[in-house]
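S.K.: Give me the fold of what follows.
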Amino acid sequence: MERYTDPMAHPSPWTDIGRHDLLPAASHDEIARFDVIAQLNTLLAARLAPAVRASFEGRVSPAWAARHGHEPRDRQEVAEAMSSDPAWRSWSLVRRNTMEMRQQAGRSLVARQATALRDRAQALNEGAATLQLDPSLPVPRYVSAVDTHLMRGGYTAEQIEGDVSNPANYDAGFFATVGGMAGPWNDAAGRALAAWLQREHPDFQPQRIADLGCGLGHNTLPLRHAFPQAQIVAVDVAAPFLRYGHARARSLGIDDIEFRQQDATATSLPDASCDLVFTTMVLHETSAEALPRILAECKRLLRPGGLAIHLEQPPYRRFPPFEQFMRDWDGRWNNEPFWTSLHEMDLTERMARAGFRPGEIFETECRAPALVAADGRAEDFGRSPVWYAVGAWQTADETAAAIG
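M.R.: Got it, this is the predicted structure:
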C-alpha cells in the first residue's frame, strides 16, 4: 500500500525556475525566503510525516484499540484519536505555517512590482484576438469566495485595473512549495498527460483541445508542444490568471492558444467540436453542484473518438484510514472546501452518470517524463509526481445521443 510521503528529497533552488517575461524579479533575500520554504516542506515530508506515522502506529492506534476494542476504522476515527498527538500537531502547524509563509513571500514579492507586471502583461496581450475576457461573466462562489491555498482574494482578486498580482504570486510560489517537483515551468501535470497520450495512444492526434480550468496555463502549454497541429482553447473564469497566462505563453513564443474567460460548466464551444477535453488538478477546486455539470460539458464537447480525461489526486478508497487522514489535511487547513468530498467520490461512477458508457471509462496513472538538462543529462528534478487520472472515450452513437 502506498504510504503518505512526499518524494521531494532535495528541493531545487528557486533560481532553477523557468524564466519568462512575466516572472516577478526577485532579490537575494526574496529568493532565500522561497528556498527556506522549500526546505521546510522537505522537513515535513522526510522527518515530520514519518514521525506522525510512527506515533500513530506505535502509540495512538494501540491506545485507541485498548479503549474501543478495535483499531481506528476510518479517517474520522483516526482524526479523533490523533487530535491531541504532539507529532501530528507539530506536523500540521509547520505545514500550515509554510503555506502562510509561501503566500506572504509571494505577496510581498509581487506587491512592489504589481504595476510593472500589469504593464508587461498588457504590452504582450495588446491587440491579441486569442485573449477573450468577459467582465459580465458570473464567477462561481466556490472561486470568488475562497482564498484557495491561503492566497488572499483567491484566483479572481484584482487590486488595480488589469491586475496580474495573484497569478504572478502563484507562479513564483508554487515552484517553492513543491521544491521544483513539477519542473522549471511548473507544468508536470501537462507533460504527464502528453507523455501518457503519446505512449498509450500514439495514433491519437487531436485537432481541437480544450483545457477546462486552465488557470495561468502551466499545464496547457505542454499540449501545444505535443500536438502542434491542434487548435487549443484554454478556459477559466479568472481574468487575472488568463491575462497572465496569455502573456506568459506569448513571452515563451506561443501565440496561438486561445485563452477564454468562460465557465467550465457551460462553454461557448459547439457540440461535438473537440477531440480532447482535459483538466489538471481542477475538479477538487469546484463544488458538488458544478462537478456533474463540468463532466456533462466534457461529454457534450467531444467528437466521436474523442477523449475526456481528468488528472487529480487519487480517491480515498485507494488508501487505508491513516493515509486518508493525512491526505485530508488540505480540505481542513488549506482552504480547499471541496477537497474531501471530491476524493470520497468514485469519479468513474460520476462519469457514467454524465452519460459516458461504463465500458469506455477507465482509471490510469500519468507521470511526467524526465527532462533533459542543458548538459544532456536526464533531469526529472528527482521527484516527478504520479497523477491519478480518470477518463472516458466518446463513441459515435454516444455523440449522436448527446446532441439529441
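S.K.: okay, CA-based contacts and neighbour counts for the rest of this
M.R.: OK.
S.K.: and the next element down the chain from whichever helix or strand His246 is part of?
M.R.: According to DSSP states H and E, His246 maps onto helix 239-251. Per DSSP H and E, the first helix or strand lying C-terminal to helix 239-251 is strand 257-261.
S.K.: what pairs with Leu371 across the strands?
M.R.: When bridges are called by DSSP bridges, Leu371 pairs up with Glu379.
S.K.: Burial check on it, number of neighbours?
M.R.: Neighbour count for Leu371, taken as other Cα atoms under 10 Å: 16.
S.K.: do Ala370 as well
M.R.: Neighbour count of Ala370, defined by other Cα under 10 Å: 18.
S.K.: what helices or strands is the helix holding His246 leaning on?
M.R.: Here helix 239-251 touches helix 114-125, strand 131-132, helix 165-177, strand 257-261, going by 3 or more Cα pairs under 8 Å, 6 or more residues apart in numbering; DSSP states H and E.
S.K.: Just the residues contacting it, thanks.
M.R.: With Cα atoms under 8 Å, 6 or more residues apart in numbering as the test, helix 239-251 has contacts from 20-22, 121-122, 124-125, 131, 133, 155-158, 162-168, 215-218, 221, 236, 255, 257, 259-261.
S.K.: which residues in the stretch 151-300 of the chain form helices?
M.R.: 165-177, 188-200, 221-226, 239-251, 290-301 (DSSP state H, counting those that start in this stretch).
S.K.: Turn those into a markdown table, columns for mean neighbour count.
M.R.: Output for the helices of the stretch 151-300 of the chain, formatted as a markdown table (neighbours: other Cα atoms under 10 Å):
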| stretch | mean neighbour count |
| --- | --- |
| helix 165-177 | 25 |
| helix 188-200 | 21 |
| helix 221-226 | 18 |
| helix 239-251 | 26 |
| helix 290-301 | 22 |
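S.K.: what mean pLDDT does the helix holding His246 have?
M.R.: Averaging pLDDT along helix 239-251 yields 98.
S.K.: Next, the angle strand 257-261 makes with it.
M.R.: 170 degrees (axes from the mean of the first three to the mean of the last three Cα atoms, to 10 degrees).
S.K.: centre of the chain versus helix 239-251, how much separation?
M.R.: 17 Å (Cα atoms, centre = their mean, to the nearest Å).
S.K.: Next: stretch 303-323.
M.R.: Between the centre of stretch 303-323 and the centre of its chain there are 13 Å (Cα atoms, centre = their mean).
S.K.: Now do the end-to-end distance for that stretch.
M.R.: Across stretch 303-323, the terminal residues are separated by 39 Å (Cα to Cα, to the nearest Å).
S.K.: start the count at 779, not 1, going forward
M.R.: Yep, numbering from 779; the last one is stretch 1081-1101 now.
S.K.: For it, buried residues please.
M.R.: 1081-1094, 1097, 1099-1101 (16 or more other Cα atoms under 10 Å).
S.K.: still on that earlier bit, would you convert the helices of the stretch 929-1078 of the chain into JSON lines that also reports distance to Glu1138?
M.R.: Below are the helices of the stretch 929-1078 of the chain laid out as JSON lines (distance: least, Cα to Cα, whole Å):
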{"stretch": "helix 943-955", "distance to Glu1138": "35"}
{"stretch": "helix 966-978", "distance to Glu1138": "15"}
{"stretch": "helix 999-1004", "distance to Glu1138": "23"}
{"stretch": "helix 1017-1029", "distance to Glu1138": "33"}
{"stretch": "helix 1068-1079", "distance to Glu1138": "12"}
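S.K.: Drop anything exposed from the contacts of helix 1017-1029.
M.R.: Buried members of the contacts of helix 1017-1029, counted by 16+ other Cα under 10 Å: 799-800, 899-900, 902-903, 909, 911, 933-935, 940-946, 993-996, 999, 1014, 1033, 1035, 1037-1039.
S.K.: For the stretch 1079-1182 of the chain, which segments count as strands?
M.R.: If DSSP state E, counting those that start in this stretch is used as the criterion, the strands of the stretch 1079-1182 of the chain fall at 1080-1090, 1139-1145, 1149-1150, 1156-1157, 1164-1171.
S.K.: that older thread, Throw the helices and strands packed on helix 1017-1029 into CSV and include distance to Val872, thanks.
M.R.: Formatted as CSV, the helices and strands packed on helix 1017-1029 follow (distance: least, Cα to Cα, whole Å):
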stretch, distance to Val872
helix 892-903, 29
strand 909-910, 40
helix 943-955, 13
strand 1035-1039, 36
